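Undergrad: let's see this in three dimensions:
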Amino acid sequence: KPNGAPERWGYVPGWQGLWTDTMLYSLGLNIVDDPKDPKVVRLAEPEVMRVFQYSADLALKDRLMPSGLEISSVMQSNARKLFTEGKVSMFHSGIWETVELRKELQPGEPGFFEWDIVRSPAYADGRYGTPTGGSGYSIISQTKHPREAWLLTQWMAGPPGMSAMARAGIAQPAIAAEAVKEPWIPGPNTSREQMYPANRIITHESVPYVVFGPSAPYWDEINRIIQQPYSLVYDGTSTVEKEFPRVAKLAQDRLEYLRAQQTLPAFNWGIGTAVGLLLFASLVYWVYSPELKIRRTMKQARESRTAYAFIAPWLIGTLAFTVGPMLLSLLMSFADWDIVSPAKWRGLGNYQEAFFIDPTFWPSIRATVLYTFISVPLGVIAALALALLLNTKVMGMPLWRTCYYIPSIASAVAAALIWRQVFKPEGGLLNLLIFGPDLAWAKNPIALALQPLTTAPGQINWLGSEQTALASLIIMSLWGAGAGMIIILAGLQGVPGHYYEAATLDGAGKWRQLLNVTLPLISPTLFFTLITGFIGSFQVFASAFLITQGGPNNATMFLMLHVYNNAFVSLRMGYASGLAWVLFFITLIFTAVQLAARRWVYYEGAR
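TA: Sure thing, here's the model as predicted:
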């Protein structure tokens, strides 16, 4: 095109790492020494780094394929859509794409074209390797219907189940005999729609060349460390020479530590249960011991029993769904447990690991604290400004209050999708407001000040840069200022009018009334908003999880997201419990400090 953008691409991978892995395996390289039992991380080896940089350069410098950022941000599409829309000639992905490809390219329908599958390109000397994955079936040992579960598993893993999946195009049959005949291989009984792709025999012939990625139980956590710089390299923000040696050392140290944890002794559930019951009894006694010292008449005792009967559902729910899980997580914080295998005893190992070993812990603390101490004051100021603005008597004010409040109750997923469009590098609303259409405002002071952050003229990769990702999420947090606005507005409307009358008679203007009347009288409301804001902000999760996944390079790896990754991705439930208790005590300490420093809060009628 005249602006230099390609009109049609020759090749696009389903994800950029797919092309990188294909080149690595075809060269006989890998990021670890042994995928089944990794002991050495090879990310910093010169040959491996050269492959990663070459893969990034193909998109960023040679422009032979679109980058991941261009696909998601500029083209507003995905790799498969580019192929079915005729914007790319070769689409590199897995056979599971067959189902959607058949839906989007139906014979006789507009836009249909002939398509098929081949092996990914090989080197001239005949070397060939391709990444692969797989799935399997298992039966939970505690199942109440073992025979039925076995029959279902037998059917799914046998010829009938394989044939059904082959007919649907979901997966290549794992039984070799089923992978070389109908319905996987098109034949006389195959419908026209299922003829595509016709060259499915290539999936069977490629089996000797497939390479599985690392599959050790502890690999998920190592993989998260390794992938930290990937987006920076693929987006051109950094280079492999700058990022990979540092990350390789972190991953190697973490790998050696996790391997050493495989020989821990078993967790004694008997002692653990006894300790949990003792803690529970101590908590109950601490809460209700003052009640035991009170002497009541028969009538008062009867009323007390009636009251407890009414609140019994709440008490049971609190004990079963709050206190119980908290005590279990406290016990698990001293164990190594993946939910599936028997728990192992670690003692204080989880806490020692967090503070002295885990390379992600302190970056997550830093990101959480920075986010909290910037976003909460800004949020309170924004809420106060909105409340003051909306505390006026003009026509249509209830409608305006509703409009400002609605974003705070909107879906977190919907908000994430909206803000991702706002922060887009090319065509995003924020860049458009700063630089103007066609860079018409590129000389304004704000645009000039932000010039060092641009990756291209008029483009700042807000969510993809370490320098701006956290600031972007802080800006996004102001979207929910309406919740605090409602609370502060209620406080403003509770201020007696005669105080303003007296201030006016004394000659105080609007600004002096705000400082000497309004703020002191609504200080309890501001204090409540500040306390709850800090507690909620320390638990921030959704924005990073939905938009940045903790990246780039852990810039938005909040502590709550780190807890989630360990608990539900790496299945290190014991370590995640330890992190959760660390978060609990951090929140408790900051809350206690705020309560101790509340001398600026004015309570009418108090000393």
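
Undergrad: all helices for the stretch 101-250 of the chain, in order.
TA: 146-157, 159-168, 201-205, 219-226, 230-234, 240-260 (DSSP state H, counting those that start in this stretch).

Undergrad: out of the ones you listed, nearest to Ile339?
TA: helix 219-226 (13.8 Å; Cβ to Cβ). Quick note: C-beta positions are derived from backbone N, CA and C, even for glycine.

Undergrad: tell me the most buried of the helices of the stretch 101-250 of the chain?
TA: With neighbours defined as mean count of other Cβ atoms under 10 Å, the helices of the stretch 101-250 of the chain peak in mean count at helix 230-234, which reaches a mean of 22.

Undergrad: out of the helices of the stretch 101-250 of the chain, nearest to Met326?
TA: helix 219-226 (24.7 Å).

Undergrad: chain center to that closest one: distance?
TA: Centroid separation between helix 219-226 and its chain, computed with Cα atoms, centre = their mean, to the nearest Å, is 15 Å.

Undergrad: which other helices and strands does it contact?
TA: Here helix 219-226 touches helix 240-260, going by 3 or more Cβ pairs under 8 Å, 6 or more residues apart in numbering; DSSP states H and E.

Undergrad: re earlier: closest to Asp336 out of the helices of the stretch 101-250 of the chain?
TA: helix 240-260 (10.0 Å).

Undergrad: what does that closest one contact?
TA: Contacts to helix 240-260, defined as Cβ atoms under 8 Å, 6 or more residues apart in numbering, come from residues 38-44, 48-50, 52-53, 56, 218, 221-222, 225-226, 228-229, 232-233, 353, 357-359, 553.

Undergrad: let's see that with 6 Å instead.
TA: 41, 43-44, 49, 52-53, 218, 222, 225-226, 228-229, 233, 357, 359 (Cβ atoms under 6 Å, 6 or more residues apart in numbering).

Undergrad: quick check: which ranges of the stretch 501-607 of the chain have low pLDDT?
TA: Along the stretch 501-607 of the chain, the parts satisfying pLDDT under 70 run over 605-607.

Undergrad: what's the farthest-apart pair in the contacts of helix 240-260?
TA: Gln53 and Ile357, at 30.4 Å, using Cβ to Cβ across the contacts of helix 240-260.

Undergrad: in terms of neighbours, single out the busier of the two.
TA: Gln53 (17 against 13; other Cβ atoms under 10 Å).

Undergrad: that one sits in which helix or strand?
TA: Per DSSP states H and E, Gln53 falls inside helix 46-60.

Undergrad: buried residues, that helix. List them.
TA: For helix 46-60, the neighbour count (16 or more other Cβ atoms under 10 Å) marks 48-49, 51-53, 55-56, 58-60 as buried.

Undergrad: what average pLDDT does that helix get?
TA: Mean pLDDT, computed over helix 46-60, is 91.

Undergrad: stretch 269-282 too?
TA: Across stretch 269-282, the average pLDDT comes to 89.

Undergrad: only the buried residues of it, if you could.
TA: Those would be 272, 276, for stretch 269-282 by 16+ other Cβ under 10 Å.

Undergrad: for stretch 354-366, same thing?
TA: Neighbour count says stretch 354-366 has 354, 358-361, 363-365 buried, by 16+ other Cβ under 10 Å.

Undergrad: got TSV for these, with secondary structure too?
TA: What follows is the buried residues of stretch 354-366, written out as TSV (DSSP: H, G, I helix; E, B strand; the rest coil):
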residue	secondary structure
Ala354	helix
Asp358	coil
Pro359	coil
Thr360	coil
Phe361	helix
Pro363	helix
Ser364	helix
Ile365	helix
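
Undergrad: okay if I get the residues you listed as JSON lines plus pLDDT?
TA: Below are the buried residues of stretch 354-366 laid out as JSON lines (pLDDT from 0 to 100):
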{"residue": "Ala354", "pLDDT": "93"}
{"residue": "Asp358", "pLDDT": "90"}
{"residue": "Pro359", "pLDDT": "89"}
{"residue": "Thr360", "pLDDT": "91"}
{"residue": "Phe361", "pLDDT": "94"}
{"residue": "Pro363", "pLDDT": "93"}
{"residue": "Ser364", "pLDDT": "95"}
{"residue": "Ile365", "pLDDT": "95"}
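
Undergrad: nearest to Val88, of the residues you listed?
TA: Thr360 (36.2 Å).

Undergrad: which residues does that closest one contact?
TA: Going by Cβ under 6 Å, 6+ apart, the list of residues near Thr360 reads His562.

Undergrad: distance of the most centrally placed residue in the chain from Gly17?
TA: With the centre of the chain defined as its mean C-alpha position, the nearest residue by Cα atoms, centre = their mean is Phe545, 2.0 Å away. Distance of Phe545 to Gly17, given as Cβ to Cβ, to the nearest Å: 20 Å.

Undergrad: again, but for Glu353
TA: In terms of Cβ to Cβ, Glu353 sits 28 Å off from Gly17.

Undergrad: and the strands in the stretch 251-400 of the chain, which stretches?
TA: For the stretch 251-400 of the chain, applying DSSP state E, counting those that start in this stretch gives strands covering 335-336, 344-345.

Undergrad: identify whichever of these lies nearest to Pro313.
TA: Using Cβ to Cβ, the strands of the stretch 251-400 of the chain put strand 335-336 closest to Pro313, at 32.1 Å.

Undergrad: and that closest one, which strands flank it?
TA: On the basis of DSSP bridges, the sheet neighbours of strand 335-336 come out as strand 344-345 (antiparallel).

Undergrad: mean confidence for the partner strand?
TA: 91.

Undergrad: what's the helix or strand containing Leu579 in contact with?
TA: Per DSSP H and E, Leu579 falls inside helix 573-596. Contact with helix 573-596 is made by 329, 332-333, 335-337, 339, 350-351, 354, 531, 534-535, 538, 559, 563, 566-567, as judged by Cβ under 6 Å, 6+ apart.

Undergrad: how far does that helix sit from its chain's centre?
TA: That offset, for helix 573-596, works out to 21 Å (Cα atoms, centre = their mean).

Undergrad: before we move on, the earlier item: could I get the helices of the stretch 101-250 of the chain as CSV with distance to Leu24 and mean pLDDT?
TA: Putting these into CSV (distance: least, Cβ to Cβ, whole Å; pLDDT from 0 to 100) gives the following:
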stretch, distance to Leu24, mean pLDDT
helix 146-157, 31, 93
helix 159-168, 29, 88
helix 201-205, 21, 90
helix 219-226, 13, 89
helix 230-234, 13, 86
helix 240-260, 13, 91
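
Undergrad: can you count the residues close to Phe267?
TA: 19.

Undergrad: OK, contacts around it?
TA: Contacts of Phe267 by Cβ under 6 Å, 6+ apart are 335, 343-345.

Undergrad: if we go to 8 Å?
TA: Contacts of Phe267 by Cβ under 8 Å, 6+ apart are 335-337, 342-345.

Undergrad: just the buried residues of those residues.
TA: 335-337, 343-345.

Undergrad: how about these, which pair is most distant?
TA: Farthest-apart pair in these is Trp337 and Trp345; separation 10.0 Å (Cβ to Cβ).

Undergrad: just the helices in the stretch 401-550 of the chain please.
TA: 412-422, 429-435, 445-449, 469-477, 481-493, 497-505, 510-513, 519-521, 523-538, 542-543.

Undergrad: could the ones you listed go into JSON lines alongside mean neighbour count and distance to Gly317?
TA: Shown next, in JSON lines, are the helices of the stretch 401-550 of the chain (neighbours: other Cβ atoms under 10 Å; distance: least, Cβ to Cβ, whole Å):
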{"stretch": "helix 412-422", "mean neighbour count": "15", "distance to Gly317": "25"}
{"stretch": "helix 429-435", "mean neighbour count": "17", "distance to Gly317": "44"}
{"stretch": "helix 445-449", "mean neighbour count": "11", "distance to Gly317": "52"}
{"stretch": "helix 469-477", "mean neighbour count": "21", "distance to Gly317": "31"}
{"stretch": "helix 481-493", "mean neighbour count": "20", "distance to Gly317": "25"}
{"stretch": "helix 497-505", "mean neighbour count": "12", "distance to Gly317": "43"}
{"stretch": "helix 510-513", "mean neighbour count": "12", "distance to Gly317": "46"}
{"stretch": "helix 519-521", "mean neighbour count": "16", "distance to Gly317": "37"}
{"stretch": "helix 523-538", "mean neighbour count": "19", "distance to Gly317": "21"}
{"stretch": "helix 542-543", "mean neighbour count": "18", "distance to Gly317": "25"}
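
Undergrad: okay then, goodbye and thanks.
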